[in-house]
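> no sequence on this one, just coordinates:
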C-alpha cells in the first residue's frame, strides 16, 4: 500500500520549545522530515539558516546560510571517492530503498581555527517511491541554494516552483610561484573542491612569466565571464588591473568583478577584505578568502592613478618610497619564508643600513570636512566603532571639519596655477591607460596643498587597511572610502632598537599613530619629489623606476568581490 503524497507547506506554529529556540522567532519557509546520522529530524528552512531538530530527542543543528558553500543531490554511489569518503560512509549506514540524498557543505567560523569544513548528509525517505523523495530533496536543494546565494527573491509565493540561481562562470589566474611556491597545490586541494561544492564553473590558467597576467587581462573576453579570480598575492592583482585599464574598452573591462584567493606572501587585499568583514583569520587564509569569492558580491572600490615622468600605473593597494619599499623589494629573494620574509627583511634592513632616511618634498590635498564626517559615521556603526573613531581622531588630530594640523616645518602655500595633467588639475580624472600613458610631471596644483619637506623614513599612500598579513598602517581605511591615507614617518629616534619598537606599532590598535614622528593625512591627491636619486619606488609590491610622483584617487573605479 503506497503512502499518499504530501505537499510541503510553510510551518508557522511549533510545539517544541527546542524548535522555538532554534528558529529564534523566524518563520520557516518550508519543513519536512529526514534522517540524519541514523536519527529522524525535522528540517526547517529559515531566512538565515537551516535548522535540524531531532524528533525523539538528541542533538540539534543550525546551519547558517552565511557559512554554507553549496549543496547537491547525491545518488546511491557504487564506489567510494576520496572527495566524498565521509559522505559515502554515511550513505552506507543510512541506505534506504527509494531514498534521496541531499548533501550540504558548510564552513562554520571557529574562534581560533577559523573556517573548518563540515558536511551534512540528509536522507529523505518519508515516501515509498523514489520519485517523491527526489522531488522533496530537489525542492530543498533549490530553496537552500537560493538563500545561501542571496537569490531568495527567486522563491515564488506559491512554492510550486523554485528557481535555482544561475551557475557562475569564473576565469581564474594562478601564479604558481607566488608566496612559497605552493599556489597551485593550495588551489587544487582547498579552493577547487569548494568551488565545485558551490556549483561554480571555471577555467583555470597558470601564469608563466612576469607580465603574463597583464597580457591575459588585456585580451580576455570579459563578457563571457562573471568574474576574474586571482590565486596569488597582490602583484598579480596589479598586473590584471593595469591590463584591463590598458584596453580600448577599458570602461567596460574594468567593471568585471575581481576576486582574490590568498596564496601569496603579503596578501594585503585578502586581509583587508576579511578585516572589513570581521573574519580575518591568518591560520586558514586560503579557505577564508575562497569563501569570500563564493559568498561575496561585487563592490566598487578605489584606485589611485599614479603618474611618473616615464609611465602611468593604476594602483589598488599602496605606493611609496623609503623603508617599506626597501624591505618589500629586498626581501624578494626570501620568498621561501612566506610572510615571515617581511619581518626578517625589516630587521635586516634596520641593523645593516647606515642611514635609512631620505630627503623628500611631499604635497597633498586633504580630504574635506564632508569626507571626514562620513568616515566617522561609518566607523561608529561598525563593531568596535568607538575605538575606530578614536583612531580617526589620531589621524586628523582634530574634530571633523577642522583643518588637519601641520608640524613645525609644514606650511600651507598657494602656488601659481599649473596643470597636473592634460585634463586639468581640478578635473576628476576618469581615464584609461591610453590617456594616462602621457607622463605627468609633478608640479604645484591650482589650489592650496599642504607641503612637507624633511628627512623621512617612510612616505606611503594606502587605499586599504593592510600592507601585509600582520602590517596595518591604516586601520580605519576601507576599500571604497574615496580617499588615500598618506603615511609619513620622520624624526624617528636614532637608536635602531627604538626604530624597531616604532615599526612594531603597525597593528590593529594603530599604536604607531601615537609616535611623534608620524603624520597621516586623508587625501584625494598627493605628490612627492625625492631630492636624492637611487631609491626604490614600490607600487602594489612591484618595483618601478624611481622618481617624482603624482597620485590621484579614483573612487569606485574597480569592482572587488568582498
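Happy to help now that I have it. Every value quoted in this text rests on a predicted model; they were computed, and no experiment measured them.

> Can you tell me the SS state at residue 479?
With DSSP: H, G, I helix; E, B strand; the rest coil as the basis, the three-state label of residue 479 is coil.

> Could you check how far it is from residue 302?
Counting by C-beta to C-beta, to the nearest Å, the gap between residue 479 and residue 302 amounts to 7 Å. Placement of C-beta: from N, CA and C, glycine included.

> what is in contact with these two at once?
Between them, residue 479 and residue 302 share these contacting residues under C-beta atoms under 8 Å, 6 or more residues apart in numbering: residue 463.

> Parallel or antiparallel, which strands does the helix or strand encompassing residue 459 pair with?
Under the criterion of DSSP states H and E, residue 459 resides in strand 449-462. For strand 449-462, sheet partners with direction are given as strand 318-322 (antiparallel), strand 358-366 (antiparallel), strand 410-413 (antiparallel), strand 484-490 (antiparallel), following DSSP bridges.

> Average pLDDT for it, rounded please.
Computed over strand 449-462, the mean pLDDT rounds to 88.

> which stretches of the stretch 101-250 of the chain form strands?
Taking DSSP state E, counting those that start in this stretch as the criterion, the stretch 101-250 of the chain carries its strands at 109-110, 114-115, 118-124, 169-174, 201-206, 227-232.

> Next, the angle strand 201-206 makes with the last one.
Using axes from the mean of the first three to the mean of the last three C-alpha atoms, to 10 degrees, the interaxial angle of strand 227-232 with respect to strand 201-206 works out to 40 degrees.

> what's the model's confidence in strand 227-232, averaged?
This predicted structure assigns strand 227-232 an average pLDDT of 96.

> Partner strands of it, with direction?
Sheet neighbours of strand 227-232, with direction, are listed as strand 169-174 (parallel), strand 258-262 (parallel) (DSSP bridges).

> for the ones you listed, which one ends up most surrounded?
Taking mean count of other C-beta atoms under 10 Å as the contact definition, the stretch among the strands paired with strand 227-232 with the greatest mean neighbour count is strand 258-262, which reaches a mean of 28.

> ranges for the helices of the stretch 151-300 of the chain?
Taking DSSP state H, counting those that start in this stretch as the criterion, the stretch 151-300 of the chain contains helices spanning 183-186, 192-197, 212-219, 234-245, 250-253, 268-276, 285-295.

> Residue 549 and residue 364, how far apart?
When C-beta to C-beta is the yardstick, residue 549 and residue 364 sit 12 Å from each other.

> just residue 289 next, same as before
32 Å.

> Ok, residue 500 next?
Between residue 500 and residue 364 the distance is 28 Å, computed by C-beta to C-beta.

> Lowest average pLDDT across the strands paired with strand 449-462?
Looking across those, the weakest by mean pLDDT turns out to be strand 410-413, at a mean of 31.

> what sits in contact with each of residue 549 and residue 364?
The contact sets of residue 549 and residue 364 overlap at residue 527 (C-beta under 8 Å, 6+ apart).

> Can you check the pLDDT for the residue positioned nearest the centre of the chain?
When C-alpha atoms, centre = their mean is applied to the chain, the residue found nearest the centroid is residue 273 (3.0 Å). In the predicted model, residue 273 carries a pLDDT score of 94.

> Please verify my assumption that it contacts residue 260.
Yes: between residue 273 and residue 260 there is a contact under C-beta atoms under 8 Å: 7.2 Å.

> Find residues that contact each of those two.
Residues touching both residue 273 and residue 260 (C-beta under 8 Å, 6+ apart) are 289, 560.

> picking up where we left off before, give me the nearest residue to the residue nearest to the centre of the chain, chain neighbours excluded.
Here the nearest residue to residue 273 in space, its sequence neighbours aside, is residue 562; by C-beta to C-beta, 6 or more residues apart in numbering that works out to 4.9 Å.

> which residues of the stretch 1-150 of the chain score low on pLDDT?
Residues of the stretch 1-150 of the chain that meet the criterion pLDDT under 70 lie in 1-25, 58, 75-96.

> where do the helices sit along it?
17-23, 85-93, 130-148.

> I'd guess residue 475 is in a helix, am I close?
No: the assignment for residue 475 by three-state DSSP gives coil, which leaves it out of any helix.

> Look up phi and psi at it.
Geometry field for residue 475 lists phi and psi as phi -60, psi -20, criterion degrees, to the nearest 10.

> now it: how far from residue 272?
With distances defined as C-beta to C-beta, the gap from residue 475 to residue 272 amounts to 10 Å.

> any shared contact partners between the two?
Each of residue 465 lies in contact with both residue 475 and residue 272 under the rule C-beta under 8 Å, 6+ apart.

> more crowded one of these two?
Residue environment comparison for residue 475 versus residue 272 gives the larger neighbour count to residue 272, 27 against 23, counting by other C-beta atoms under 10 Å.

> Give me the nearest residue to the more buried one, chain neighbours excluded.
Across the structure, with C-beta to C-beta, 6+ apart as the measure, the residue nearest residue 272 apart from its sequence neighbours is residue 464 (3.9 Å).

> One more: residue 331?
Counting by C-beta to C-beta, 6+ apart, the nearest residue to residue 331 once its immediate chain neighbours are dropped is residue 345, at 3.3 Å.

> which element is the one you found on?
Under the assignment given by DSSP H and E, the secondary-structure element containing residue 345 is helix 340-352.

> which residues touch that helix?
Counting by C-beta under 8 Å, 6+ apart, 265-266, 323, 326-328, 330-331, 334-335, 337, 356, 468, 471, 496, 499-500, 503 sit against helix 340-352.

> go again using 7 Å as the cut-off
Residues external to helix 340-352 that are found in contact with it (C-beta atoms under 7 Å, 6 or more residues apart in numbering): 265, 323, 326-327, 330-331, 334-335, 337, 468, 471, 496, 499-500, 503.

> where are the low-confidence patches of the stretch 401-550 of the chain?
Counting by pLDDT under 70, the stretch 401-550 of the chain contains low-confidence residues at 401-447, 491-494, 505, 507-510, 514.

> show me where it has strands.
Taking DSSP E, counting those that start in this stretch as the criterion, the stretch 401-550 of the chain contains strands spanning 410-413, 449-462, 484-490, 518-530, 537-539, 542-544, 549-561.

> And stretch 281-299, end to end?
The first and last residues of stretch 281-299 sit 22 Å apart, counting by C-alpha to C-alpha, to the nearest Å.

> If you could redo that for stretch 209-222, that was the one I meant.
22 Å.

> Identify all contacting residues around it.
In contact with stretch 209-222 (C-beta under 7 Å, 6+ apart) are residues 171, 173, 205, 207, 236, 239-240, 242-244, 246-247, 252-253, 256.

> rerun at 6 Å
Outside stretch 209-222, the residues within contact range by C-beta atoms under 6 Å, 6 or more residues apart in numbering are 173, 207, 236, 239, 240, 242, 243, 244, 246, 247, 253, 256.

> That one: how far from the chain's middle?
In terms of C-alpha atoms, centre = their mean, to the nearest Å, the gap separating the centre of stretch 209-222 from the centre of its chain is 21 Å.

> picking that back up, the residue nearest to residue 273: how many residues sit nearby?
Counted with other C-beta under 10 Å, the neighbours of residue 562 add up to 23.

> ok, now how distant is it from residue 275?
Relative to residue 275, residue 562 is positioned 11 Å away (C-beta to C-beta).
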